[in-house]
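1. got a sequence here, can you model it:
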Amino acid sequence: MSGIVGYIGHKEAKPNILDALERLEYRGYDSAGLGVISEGKLKVFRTLGRTSVLHEKLAHLPLTGNIGIGHTRWATHGMPAVRNAHPLKAGGTAVVHNGILQNAVDLRVEIKAYGGKLMSETDSEVIPHLVNRYWKGDLLSSVLEALKKMEGSVTCCVISERDPESLVAVRKGNPLVVGLGDGEQFVASDAPAIAPYTNRMVFLKDGEVALLSHEGAQFFDFAGKPVTQDPQIISWNPVQAEKRGYRHFLLKEIVESPRAVRETISQFLPMSTEKVSVEYFNFPHKDIGNIKRIIFFGSGSSYYAAMLGQLFCESLAGISSSRIFSSEFRYGARQVEKDALYVAISQSGESLDTIESSRFLLSNGGRLMVVTNNPSSTLGMMAHYPVVTQAGPEVSVASSKTFSATIAALIIVAFHLGKENGCLDPEAQQKFVDQLERVSEKMEMMITYDSLMRRLADRFTKHRSFFFVGRSYMYPLSLYSALMMKEVANMHGEGLLAGEIKHGSISLVEKGTPIMFFGNQAFLKNKLTDDLDELKARGATVIATGFKTDSAIGRHCDEFISVPDIDDRLSPLLAIVPAQLFIYYLGLYNRKDIDRPRNIAKSVTV
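-> You can find the predicted model right below:
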């Protein structure tokens, strides 16, 4: 889950690499480092902590050179320490690596046997040793030879004093993108890192290598055979990834959620006409065919979106559905069902467990739909049926607008399937479309609860644990909120299914126990008030969401958050906004590193 950067061109490498590393910091921030070939010599600088520390270290250090590599690390092999920070070097060769070498232990033994000195605890350090040991006269040939000895994920960038006009970038496992400039070339783990410098990108496929020089970029497979690549012109505007006056990216991205949902829906349902008609609904994948079952899978917040996807498809399309964690799917003994549709959910498109589960499916004849915010990602390119959300770049580690946009996309998928199989009659279709048209506007109304959420967060700052409770469509929101509470506020959060509280969890409820209760489900109105009564009878302090017209919920809680009336299936998009704002302010008042929570990174690629 580290971030890697490379540069070669006519400018100084140092400022370009440091700037790009800042935009990759969401991938890891235990340590940072930079390596530059300056006057024919390799110079490496590494620090503990975030890239700002590296900036300070290099601020007054003259460091010339127009070829270099950089790294921001999330520790896997070896504790966070300068000796384990990248770039890692052997002699005049240096590497920045993202991934895990599965045979690193054996390679370390081999290197020590021929007298090589290993200075770190990492698996990555073997790479420059192998490049030197199998040197073939130039950097590209030597890296290709070294790759034959390595097993596992070997996405990396390599530079060497022995070939000081070349930079070699390898993709094996984790993502890597090459940016093509005018007399300068870039490489990074993610496109936004280098988007300010060029919009011409080549997204390397697994098993490809790029040789970058001042003249341009050449591409090869691992056998050294040239590969033809057509650059893509990326449309993301780097300004989208700036704070624009907000204190944290997370707050900005919560506020952007209504736009993300609106633009995701409008891909399939144009909203330019005075009245949006179901006749204008256009889903691109009309060849899905007959489906008897849908299986959703994902990790983290994407799994909680998968739970909602299951409910949407059963309700709107009448199709039996299930869900499973990608990490369980990947390692379990699974039978691929030929008449099922498998839906992988990954906001980044690079979640390793979800990728490996998808590879297993495809190798066994499964049909794969992918819901992602990154169409050029590994998963985006694997899918038979890609469904792309329009959230734009999300910088904060905690998912907010991408989670909402993913929910919107899953609603669209379920609506399409229900429309095609006749589960929804024309009148029901138009009624639902009318609701879809207004959902982003109603989400914007929920943003106005900012001041109330700020006040409530201040009131609950001293608490160290929080329960989130819901039924049906609100239960996945409870689980998502509990996860976000851990990430952003570093507080214990637990999501509970309201109907199951009496089977044990209620023993933890006592006077003053803080609970956020998601009550905006019209078809469960009576059950929800019963649930609230049970919690209040034990002395809980309850913040509850409920529909504006439902006064009963408001009478059974301590703080009531009024949600505009909407179809129950769309209500998660409204209720999640105040929960996100509440958790954000809890993190703020507890002085947490909100955009960069400890011990976690944005994309889990190892």
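
2. how about the strands in the stretch 501-606 of the chain?
-> 514-518, 541-547, 559-563 (DSSP state E, counting those that start in this stretch).

3. and what of the stretch 201-350 of the chain?
-> So, for the stretch 201-350 of the chain - with DSSP E, counting those that start in this stretch - the strands run 208-212, 217-221, 232-233, 293-298, 320-325, 340-345.

4. what's the closest of the ones you listed to Phe268?
-> Comparing those against Phe268 with CB to CB, the closest turns out to be strand 340-345 (16.0 Å). (Each C-beta comes from the backbone N, C-alpha and C, glycine too.)

5. which one of the strands of the stretch 201-350 of the chain has the lowest average pLDDT?
-> Across the strands of the stretch 201-350 of the chain, strand 232-233 has the smallest mean pLDDT, namely a mean of 90.

6. low-confidence stretches in the stretch 201-350 of the chain?
-> 236-241, 271-275, 333 (pLDDT under 70).

7. again, only this time at 90
-> 233-246, 269-290, 330-335, 338, 350 (pLDDT under 90).

8. give me the number of residues near Lys292?
-> Residues lying near Lys292 (other CB atoms under 10 Å) number 11.

9. now for the residue lying closest to Pro578 once chain neighbours are set aside, how many residues are close by?
-> For Pro578, ignoring the flanking residues on the chain, the nearest one in space by CB to CB, 6 or more residues apart in numbering is Tyr449 at 4.7 Å. Using other CB under 10 Å, Tyr449 is surrounded by 18 other residues.

10. ok, Gly92 touching Leu42?
-> Yes: look at Gly92 against Leu42 with CB atoms under 8 Å: they come within range, at 4.9 Å.

11. what do those two both touch?
-> 160-161 (CB atoms under 8 Å, 6 or more residues apart in numbering).

12. of those two, who's got more company?
-> Leu42 (23 against 17).

13. how close does the more buried one get to Ala32?
-> 18 Å (CB to CB, to the nearest Å).

14. residues touching Gly365, list them.
-> By CB under 8 Å, 6+ apart, the contact list for Gly365 reads 336, 338.

15. and it, how close does it get to Thr354?
-> From Gly365 across to Thr354, the span is 19 Å (CB to CB).

16. could you do Ser472 as well?
-> 25 Å.

17. before we move on, what about Gly298?
-> 6 Å.

18. which residues do the two both contact?
-> Contacts common to Gly298 and Thr354, judged by CB under 8 Å, 6+ apart, are 326, 344-346.

19. selecting buried members of those in PyMOL, what would you type?
-> Selection of the buried residues among the shared contacts of Gly298 and Thr354 in PyMOL, burial being defined by 16 or more other CB atoms under 10 Å:
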select buried, resi 326+344+345+346
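
20. mind giving me a markdown table with the shared contacts of Gly298 and Thr354 and columns for distance to Glu487?
-> Listed next are the shared contacts of Gly298 and Thr354 as a markdown table, based on distance: CB to CB, whole Å:
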| residue | distance to Glu487 |
| --- | --- |
| Ser326 | 18 |
| Ala344 | 22 |
| Ile345 | 18 |
| Ser346 | 17 |
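
21. which residues touch Val562?
-> In this structure residue 562 is Ser, not Val. 546-548, 554.

22. out of these, who's nearest Gly78?
-> Nearest member of these to Gly78, counting by CB to CB, is Gly546, at 50.2 Å.
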